[in-house]
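>>> Pasting a predicted model and its sequence here:
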Amino acid sequence: MITEEYRVEGKVAIVTGAGRGIGKAIALVLAEAGADIAVVDFRKALAEETAEEIRQLGRKALAIPTDVTQEDQVRRTVEQTLSQFGKIDILVNNAGISSGMRPVVFVPGIKFPGWELAGDEWDKPITLEWWHRVMDTNLTSVFLFAQAVGPHMLKQKKGKVVNISSNSAQLGSTYHSVYCASKAGLSTFTRCLASEWAPFNICVNAIGPGATKTEMMEEKLRDPLFRKVILDAIPKGRIAEPREIALLALYLASEASNFMTGETLYIDGGQLSHGAGSI
Ligand code: NAD
């Protein structure tokens, strides 16, 4: 039956950053489609809330407070999931942070294009500490989870990895270099891991959402100028709902996508395909 190929009945999924936003929507959609979920987030109370909502859907859930940038915590999370559920079929690396908008350098008297969108950060260059923080959260964490989950999935000879990148992986936005670089790195890591693991029946893909209605984005949209620029750049004239991203994640986590690997699928209301005018 065609609908069965789009379900994940009896599967076990780890979803990072599942306390709110896109990660929460993915965790709930996977649960609706039949999976049990390890809900990973460093905000413990939010992780517990998501886990409770999953239990109300009739699925099992385990909230695991974890900082995804810390190797020991990532390993412990994978061990806890295995001891609770006995296997891991799906890994969704969603946890990520926005970088804010900062220039690479600040030179008094010089303003780069789009400086007005950067608010009061336009004259504050990216620090090395901040560069590492964004890279550790958006990219290194995915490497850590691959190393921790890999031995299990490779032995099992079956698995689905879904990484949440961004359409920023394809954009060259000023004041946004560290975020764009972290997401471009994530899409490339996705391709490489897909090649390594393809002979073991493991699919590794990414999703590149455009602006999506979450706490992360709503904060930025309060600035009327930012809001106008972003909506003007999206042919569909609106931002995404988290569930719209989650339904694509379900496809990549399900048997329906068994021949797809190494891809980043963009879902951004036409922003990238429209080209000029994108921010
Ligand atoms: P969000 O801030 O609303 O939610 C992110 C969740 O990740 C939070 O619950 C947070 O506690 C958790 N998290 C952050 N750092 C963590 C860490 N070190 N360890 C554990 N948990 C951590 O963000 P969102 O908008 O839902 O974004 C989710 C993903 O989607 C991110 O990777 C983001 O880059 C990507 N994305 C978002 C948008 C958008 O417009 N919202 C667009 C493109 C891509």
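Cool, got the structure. Residues are numbered from 1 along each chain as shown.
>>> Look up how far the ligand lies from the nearest residue to residue 256 once chain neighbours are set aside.
Excluding the flanking residues, the one nearest residue 256 by C-beta to C-beta, 6 or more residues apart in numbering is residue 5, at 4.4 Å. C-betas here are computed from N, CA, C, even on glycine. With distances taken as C-beta to the nearest ligand atom, to the nearest Å, residue 5 is found 26 Å from the ligand.
>>> check contacts around residue 5.
Residue 5 is in contact with 254-256, counting by C-beta atoms under 8 Å, 6 or more residues apart in numbering.
>>> Just the CA trace of stretch 110-118, in CSV.
Only the C-alpha atoms of stretch 110-118 are listed here, as CSV (Å, rounded to 0.1, in the frame of the first residue of the first chain):
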residue,chain,number,x,y,z
ILE,A,110,32.7,51.4,5.5
LYS,A,111,29.2,49.8,5.3
PHE,A,112,28.7,46.6,3.4
PRO,A,113,25.5,46.0,1.3
GLY,A,114,22.6,45.1,3.6
TRP,A,115,24.0,46.7,6.7
GLU,A,116,20.6,48.1,7.6
LEU,A,117,19.3,44.6,8.1
ALA,A,118,22.0,43.8,10.7
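>>> in it, what's buried?
114-115, 117-118 (16 or more other C-beta atoms under 10 Å).
>>> Look up phi and psi at the residue nearest to residue 256.
Phi and psi for residue 5, reported as degrees, to the nearest 10, are phi -70, psi -20.
>>> do residue 212 as well
The phi/psi pair for residue 212 (degrees, to the nearest 10) reads phi -130, psi 140.
>>> Am I right that it is in contact with residue 243?
No: look at residue 212 against residue 243 with C-beta atoms under 8 Å: they stay out of range, at 9.9 Å.
>>> More neighbours: which of those two?
Neighbours were tallied for residue 212 and for residue 243 using other C-beta atoms under 10 Å; the higher tally belongs to residue 212 (23 against 14).
>>> ok, the closest residue to the more buried one other than its chain neighbours - contacts?
Among residues not flanking residue 212 along the chain, residue 240 sits closest, at 4.3 Å (C-beta to C-beta, 6+ apart). The contact partners of residue 240, by C-beta under 8 Å, 6+ apart, come to 209-213, 267-269.
>>> Tabulate the residues you listed (a markdown table), appending distance to the ligand and pLDDT.
Converted to a markdown table, the contacts of residue 240 look like this (distance: C-beta to the nearest ligand atom, whole Å; pLDDT from 0 to 100):
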| residue | distance to the ligand | pLDDT |
| --- | --- | --- |
| 209 | 4 | 98 |
| 210 | 6 | 97 |
| 211 | 4 | 96 |
| 212 | 4 | 97 |
| 213 | 7 | 97 |
| 267 | 9 | 98 |
| 268 | 8 | 97 |
| 269 | 11 | 97 |
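>>> Share the number of residues neighbouring the closest residue to residue 164 other than its chain neighbours, please.
Spatially, and ignoring its direct neighbours in sequence, residue 164 is nearest to residue 94 (4.3 Å; C-beta to C-beta, 6+ apart). The tally of other residues near residue 94 (other C-beta under 10 Å) stands at 26.
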